[in-house]
Structure formats: structure tokens, C-alpha cells
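Student: here is a sequence together with a model predicted from it:
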Amino acid sequence: MEKNKGRIALKTLIYAFVYSVCLYKNLTGIMTPVFAGATVVFLYLVLPELTEDKENGKLKIRKLIPYFVGIVLLGISIFMTADLFIIMCSYAGMILLAMSALIRFFCDEESWGVGRYAIAIAETCASPLVYIDRFFKDGSVIRKTLKPKKNKKLKYALIGIVCSMPFLIVVVGLLGSADVIFGNMVNSVLGQITISWDVAGFLLLTGIVMVYCYCLLYKLSVYGAGNGSYMKSKLEPVIGIAFTGMLTAVYLLFSVIQILSPFLGESMLPDGYSYANYAREGFFQLLFVAAFNLVVILVCNAIFAKHKALKIVLTVMCTCTYIMIASSAVRMFMYIETYDLTYLRLLVCFALLLIGILMMGVIISIYREKFKLMRYFIAVTSVLYILLAFAHPEYIIARYNLSVSGVEQYVDETGLDARYLSQFSSDAAPAINEYLEWHDAMPALAKLKFDRYFARIDSEYNQNKSVRGFNLSSYRGHLCAVKYTN
């Protein structure tokens with residue numbers, strides 16, 4: 001870091017500028033994959049500068065390729081959706097993958113547990129706030145390093161470019177207001193960036209990103225991550241056996257009931273309580289208990305000394321957790337079959353699948369101490385979430401509900417399901433259009449249920465119509481709206 005401050009600062013400045021160009025007032029457009037690619041290129045170029053042995057640094061970079069692929073795929077998924085929940089989760093996923101890649105590059109994290117890894121990621125995200133003074137302390141050194149020593153013409157050219165920027169901004173603004181064609185062309189390229197007053201915000205964002213990235217790289221290259229004090233001596237396993245044994249005894253009884261209930265049916269239920277009502281409740285509680293068990297097993301496996309009896313109890317707890325997951329899934333599927341699919345119910349199904357696959361890694365880690373559990377967690381979570389993001393949950397929900405519902409559901413007095421689907425983004429538009437085309441003989445009243453929906457997504461497309469803000473899902477929604485009105 002001391003030797004390469006100038007080059008690192010220059011690369012950080014270029015990345016911060018590209019970051020602002022891509023994302024300033026534009027979080028869902030075609031520039032998001034460009035931003036993801038720029039992030040990967042930045043890490044690829046700057047990380048070897050922070051190692052004494054650059055060849056070894058390049059070898060480490062190759063190990064980060066899966067993280068880079070995940071970042072790029074998440075960037076593409078944002079460009080292809082208008083679902084706000086997916087967009088926010090994808091950005092969070094990009095940040096977590098980038099932080100995980102940095103930790104793997106700078107730290108020897110193979111022996112870390114899940115808890116230590118999670119603390120290291122949180123510490124890494126917040127660390128630039130602690131080392132923000134380093135950027136300003138290094139300012140004079142950075143300026144000297146970046147100062148051209150041999151090519152004075154380059155220096156003068158840079159001075160000329162910087163001096164021209166204020167005049168360029170004024171001239172472009174005046175010409176844009178003087179000629180409608182030129183003004184529309186500028187607006188179509190820059191989108192929501194207004195030449196006159198948004199430059200300050202653009203530069204401020206560039207500065208913040210540059211300082212944050214520089215301080216982050218400084219912290220990791222000098223101090224690493226996850227270096228706090230951690231429990232070195234494990235606790236007495238009998239405590240863990242007693243603690244998990246009590247929980248497992250309850251889980252075993254519950255699991256027996258779940259296995260027998262389909263066969264015994266209503267004979268086990270209280271009077272006046274139907275099996276249908278029994279099956280259609282409790283899935284949220286079971287999901288919570290399954291997630292709780294995952295955390296308990298991870299903690300017990302990490303803090304208690306190894307013991308054969310503890311391994312057996314934890315394995316039984318894992319088995320009971322799988323029974324709970326299966327019971328919750330069956331109840332949820334029956335509920336969806338009766339009351340249709342909603343976003344929350346789809347997320348519950350996704351969470352059950354994710355917990356079930358993560359639990360496989362936990363079982364392996366109980367018997368194999370060298371198993372890279374955190375890497376397994378990152379890989380499984382990333383792959384499943386990327387598949388969910390590209391599947392477009394709102395499209396799935398709309399397609400399922402419309403395929404299982406009759407025409408009469410949209411011409412009754414309530415039209416509740418049509419109203420629910422009309423709250424979705426443009427991701428659902430193709431499914432709605434397909435259904436309306438399939439039922440072309442549907443009464444006019446059924447079609448009118450989606451008038452406001454298509455008007456809204458078409459208006460959103462027209463408001464954000466620019467080269468930077470072009471979003472594939474929004475464009476497809478616009479085409480569906482045009483087809484709907486015709």
C-alpha cells in the first residue's frame with residue numbers, strides 16, 4: 001500500500017467516476033451490468049498492487065472468479081427486472097460477494113467459522129469510516145505520485161480538460177435549451193442528470209465512493225479482517241448435550257405427530273377442527289423454528305468441544321428440522337392451492353428450500369471439521385438467489401394465479417386477485433398479457449381490471465426513457481401495454 005498509493009488512488013478515482021456515471025439517479029438501467037463489470041475489473045487490477053508478490057496476487061485473483069461471476073450475474077439480473085425487492089436484494093448480494101472476495105484475498109479464512117466470517121464482513125463494511133483520515137493523510141503523497149514527471153504535455157492536457165469542465169457544462173446547458181433536438185439528445189443520453197444543478201451531486205458521489213474504496217483497501221491490506229479475540233478453548237460438551245437434548249426431545253415428539261397425522265387424519269384433532277384447517281396453518285412458525293435450529297446447531301458445533309454424543313444429538317436435531325421443513329412445505333402448498341400464490345408465500349417456499357440445502361452442509365461439518373462451511377453457504381445462497389432473481393417472482397406469481405383462476409374471478413364484485421396483481425411491477429406484464437390473449441373472449445369487464453396497471457407501467461417507462469435508464473423489464477412492460485391498449 002505504501003509503495004503503490006498513487007496508482008491505487010488513480011484506479012480508485014477512475015472506478016468512482018465510472019460508479020457515478022452508471023448509478024447516479026439510475027439504479028435499474030442498462031448501466032448496472034456495466035457497473036458490475038467495472039467492479040470486477042477494478043478488483044482484478046487493484047488487488048495485485050496490494051501484495052508484495054504480484055505473481056502470488058494473480059494466483060489469488062483466480063480463486064475469486066466465482067465471486068466475480070456472481071457479481072456480474074446480479075448486475076445483469078437488476079437490468080432485467082423492475083421488482084424493487086429483487087433489485088435491493090441483488091445490490092446487497094453484490095456488496096456481500098465483493099466483501100467476501102476481499103476477505104478471501106487478504107485473510108486466511110479457511111479455518112473460520114460462520115460467526116467469525118459474518119463479523120468480519122460487518123467489520124469490513126464499516127471499517128472505512130474508522131480509517132477515513134488515512135485518505136487525507138496520504139493526499140500529499142498521492143499528488144506527488146500522480147504528478148507527471150516526464151510527459152509535461154499530459155500534465156497540461158489534464159489541466160486544460162479540468163478548466164474546460166465548468167464552461168462545457170454551461171455551454172451544453174445553453175445549447176440544450178436553444179435547440180430541442182440537441183436538448184432531447186442530451187437528455188436521452190444522460191437520463192435524469194440535469195446539467196445545471198446535478199453536477200455537484202455527481203461529483204459528491206464520486207468523492208464519497210473514492211474515499212470509501214481507498215480506505216477499505218488500506219484497512220484490508222494493512223490490518224486484514226476478522227482479527228478480533230475469539231474463543232480458543234471450547235466449552236464442556238455436556239452443556240451442549242443437555243441443552244440440545246431438551247430441544248431434540250420436543251422436536252422428536254413433534255416429528256412423530258407430523259409423520260402420523262396424514263394417516264390418522266381427523267381422529268387426532270379436537271372436536272370441530274377439520275384436517276383442512278389443520279394443514280393450512282403453522283407454516284410460518286415451522287419456518288421460524290427451522291431457521292432457529294440452523295443457528296443453534298451452528299453455534300453448538302462451534303463453541304462446544306467435540307463429543308460423539310453431541311454429534312448424535314445434533315444429527316437428530318437436523319433430521320427433525322428436515323421433518324419440520326417438509327411439514328411446512330406441505331402445509332404451504334395446500335394453502336397456495338386453495339388461496340393462490342402471493343409474494344410472501346413464494347419467499348417462504350424459497351426460504352424452506354434454502355434452509356434445507358444449507359442444513360446438508362451443516363450435517364457434513366458436524367462430522368468433518370475441515371469442511372469449508374462458509375464457502376458452501378456463500379455458494380448455495382448465491383446460486384439459489386441468482387436463479388430466483390432471473391426467474392422473476394412476480395411473473396411466476398401472476399402466471400400461476402391466472403392459470404388456476406377462472407374468468408369469473410375477474411368479473412365478480414371484488415376482483416381481489418386482479419387488484420393484487422395490479423400492484424406488481426412490469427415483470428408481471430407478460431404473464432397478464434398471455435392470459436388475456438388466451439381468453440380473448442373474456443368479457444370487457446375482466447379486461448378493464450388491468451387498465452390502471454398497464455397505464456402505470458407504461459407511464460413509468462416513459463418517465464425513465466433514456467440510454468442510461470433503459471431497463472429490459474420496463475421495456476417489455478411497455479410493449480405489453482401497447483398490445484393491451486390495441
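Tutor: Great, that's in hand.
Student: list phi and psi for the closest residue to Leu84 other than its chain neighbours.
Tutor: Of all residues not flanking Leu84 in the chain, Ser425 sits nearest, at 7.0 Å (CB to CB, 6 or more residues apart in numbering). Quick note: C-beta positions are derived from backbone N, CA and C, even for glycine. The phi/psi pair for Ser425 (degrees, to the nearest 10) reads phi -80, psi -170.
Student: how about Ser425, what does it touch?
Tutor: By CB atoms under 8 Å, 6 or more residues apart in numbering, the residues touching Ser425 are Thr81, Ala82, Asp83, Leu84, Glu394, Ile457, Ser473, Gly477.
Student: got a quick PyMOL command for the buried subset of these?
Tutor: Remark: buried members of the contacts of Ser425, expressed as a PyMOL selection using 16 or more other CB atoms under 10 Å:
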select buried, resi 81+82+83+394+457+473+477
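Student: farthest pair in the contacts of Ser425?
Tutor: Leu84 and Gly477 (14.0 Å; CB to CB).
Student: which other helices and strands contact the host helix or strand of Val34?
Tutor: According to DSSP states H and E, Val34 maps onto helix 31-46. Using 3 or more CB pairs under 8 Å, 6 or more residues apart in numbering; DSSP states H and E, the elements in contact with helix 31-46 are helix 5-23, helix 65-79, helix 84-106.
Student: redo that, cut-off 10 Å
Tutor: helix 5-23, helix 54-63, helix 65-79, helix 84-106, helix 199-223 (3 or more CB pairs under 10 Å, 6 or more residues apart in numbering; DSSP states H and E).
Student: for Phe304, phi and psi?
Tutor: phi -100, psi 140.
Student: I should have written Asn464 there, sorry.
Tutor: Per degrees, to the nearest 10, the backbone of Asn464 is at phi -110, psi 20.
Student: state the distance from the residue lying closest to it once chain neighbours are set aside to Thr315.
Tutor: Nearest non-adjacent residue to Asn464, counting by CB to CB, 6+ apart: Ser474, 6.7 Å away. Separation of Ser474 from Thr315 (CB to CB, to the nearest Å) stands at 49 Å.
Student: looking at those two, which one has more neighbours?
Tutor: Ranked by neighbour count (other CB atoms under 10 Å), Ser474 and Thr315 place Ser474 first, with 25 against 16.
Student: residues touching the more buried one, list them.
Tutor: By CB atoms under 10 Å, 6 or more residues apart in numbering, Ser474 lies in contact with 28-29, 81-82, 425-427, 429, 457-458, 460-465.
Student: looking at those, which are in helices?
Tutor: Ala429, Ile457, Asp458, Glu460, Tyr461, Asn462, Gln463 (DSSP state H).
Student: which residues in the stretch 101-250 of the chain form helices?
Tutor: Ranges of helices within the stretch 101-250 of the chain are 114-130, 132-137, 139-146, 152-178, 180-190, 199-223, 237-264, based on DSSP state H, counting those that start in this stretch.
Student: among these, show the one with the smallest mean pLDDT.
Tutor: For those, the weakest mean pLDDT is recorded on helix 139-146, namely a mean of 58.
Student: could I have the buried ones of the ones in helices among the contacts of Ser474 as ChimeraX selection syntax?
Tutor: The following ChimeraX line selects those of the ones in helices among the contacts of Ser474 that are buried, judged by 16+ other CB under 10 Å:
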select :429,457,458,460,461
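Student: make CSV out of the ones in helices among the contacts of Ser474 and add pLDDT and distance to Tyr339.
Tutor: Output for those, formatted as CSV (pLDDT from 0 to 100; distance: CB to CB, whole Å):
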residue, pLDDT, distance to Tyr339
Ala429, 92, 24
Ile457, 93, 26
Asp458, 92, 30
Glu460, 89, 29
Tyr461, 90, 32
Asn462, 88, 36
Gln463, 83, 35
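Student: report the buried residues of stretch 216-225.
Tutor: Neighbour-count burial for stretch 216-225 [16+ other CB under 10 Å]: Leu216, Leu217, Tyr218, Lys219, Leu220, Ser221, Ala225.
Student: still on that earlier bit, closest to Tyr117 out of the contacts of Ser474?
Tutor: When those are compared against Tyr117 (criterion: CB to CB), the nearest one is Thr81, at 28.9 Å.
Student: could you measure Glu337 against Leu287, distance?
Tutor: 18 Å.
Student: any idea how far Phe254 is from Leu47?
Tutor: 49 Å.
Student: which one's more surrounded, those two?
Tutor: Neighbours per residue (other CB under 10 Å) separate Phe254 from Leu47, with Leu47 holding more: 22 against 16.
Student: mind listing what Phe135 touches?
Tutor: Here Phe135 is in contact with Ala9, Thr12, Pro128, Ile142, Gly207, Met210, Val211, Tyr212, Cys213, Tyr214, Cys215, Tyr218 (CB under 10 Å, 6+ apart).
Student: let's see that with 8 Å instead.
Tutor: Val211, Tyr214, Cys215, Tyr218.
Student: swap in Pro237?
Tutor: Here Pro237 is in contact with Phe304, Ala305, Lys306, His307, Ala309, Leu310 (CB under 8 Å, 6+ apart).
Student: using PyMOL, define a selection of the buried residues within the residues you listed.
Tutor: In PyMOL, a selection of the buried entries from the contacts of Pro237 looks like this (16+ other CB under 10 Å):
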select buried, resi 304+310
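Student: of the contacts of Pro237, closest to Ile61?
Tutor: Lys306 (35.6 Å).
Student: which helix or which strand is home to that closest one?
Tutor: Counting by DSSP H and E, Lys306 is part of no helix or strand.
Student: before we move on, the earlier item: which one of the helices and strands packed on helix 31-46 is the most hemmed in?
Tutor: Comparing these by mean neighbour count (mean count of other CB atoms under 10 Å), helix 65-79 comes out on top with a mean of 22.
Student: show me what that one is packed against.
Tutor: With contacts defined as 3+ CB pairs under 8 Å, 6+ apart, the packing partners of helix 65-79 are helix 31-46, helix 84-106, helix 373-391.
Student: mind listing what Ala305 touches?
Tutor: By CB under 8 Å, 6+ apart, the neighbours of Ala305 are Lys234, Leu235, Glu236, Pro237.
Student: what residues sit buried inside stretch 332-342?
Tutor: Neighbour-count burial for stretch 332-342 [16+ other CB under 10 Å]: Met332, Tyr335, Ile336, Asp340, Leu341.
Student: about what we covered before: surely the residue nearest to Asn464 is within a strand?
Tutor: No: Ser474: not assigned to a strand; according to DSSP: H, G, I helix; E, B strand; the rest coil it is helix.
Student: model confidence score at it, please.
Tutor: pLDDT for Ser474: 93.
Student: how about Arg452?
Tutor: With respect to pLDDT, Arg452 has a value of 85.
Student: which strand or helix spans it?
Tutor: Going by DSSP H and E, Arg452 is part of helix 451-463.
Student: now for that helix, which elements pack on it?
Tutor: Under the contact rule (3+ CB pairs under 8 Å, 6+ apart), helix 451-463 is packed against helix 429-438, helix 472-485.
Student: so the shortest one versus helix 472-485, what angle?
Tutor: By that I understand helix 429-438. Computed by axes from the mean of the first three to the mean of the last three CA atoms, to 10 degrees, the angle separating helix 429-438 from helix 472-485 equals 20 degrees.
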